[in-house]
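**Student:** pasted the sequence and its predicted model underneath.
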Amino acid sequence: MERYEMAELLRNKANVSYDEARRALENSGWDMLRAMVTLEQEGKLNPPHGTGSGTRKAPQDKTKEEGLLIKVLNWLTGLIDKGNQHRFIIEKGGRQAGSMTVTVFVTLLLLLHGFSLFLLFLGLLMGYRYRFVSEVQIEEAKFAAREAERAARELEDWHTVNSLGGESAG
């Protein structure tokens, strides 16, 4: 086989330019297999376009796929974190009957969707109410309850002190 034909064959097989194929062949002593290995090590060995027979991907394609995978995983992690910061509250008669993170709620809903929906509707018929609350709202409510309790104690202390003063005067 003539050198030109070898370069053309390598160019077609490796999907590289004629100059790249010829250079790889010259550097490998015109050994087709070593030239292919050299091109692969340089990251220039690409499958022919449109044939679908090549299983290797160009380095840029791998980087794009890895970048997309990282983006999807980051999005999913953020979604789970956000779900863990919010709660699904079940109430009856103004009192909390139960709660769970939104992540757990959505997981149960996805895995046991028929049963979960049945329980939700049954709960509504029995007078239960549902709501979603963020952790920030829960902390704000706890803070407000603590402040109200503190104010009530101060008012009680003030009333005790004033009532003692009133009794001794009378």
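**Tutor:** Looks like it came in fine. Residues are numbered from 1 along each chain as shown.
**Student:** show me what contacts Leu120?
**Tutor:** The contact partners of Leu120, by C-beta atoms under 8 Å, 6 or more residues apart in numbering, come to Tyr130. (C-beta placed from N, C-alpha, C; glycine too.)
**Student:** so how far is Val133 from it?
**Tutor:** 17 Å (C-beta to C-beta, to the nearest Å).
**Student:** what do you get for Leu112?
**Tutor:** From Leu112 to Val133 the distance is 23 Å (C-beta to C-beta).
**Student:** these two: which has the busier surroundings?
**Tutor:** Comparing Leu112 with Val133 by other C-beta atoms under 10 Å, the one with more neighbours is Val133, at 15 against 12.
**Student:** list the contacts for Ser134?
**Tutor:** Applying C-beta under 8 Å, 6+ apart to Ser134 gives the contacts Gln85, His86, Arg87.
**Student:** bridging residues for it?
**Tutor:** Listed beta-bridge partners, Ser134: His86 (assigned using DSSP bridges).
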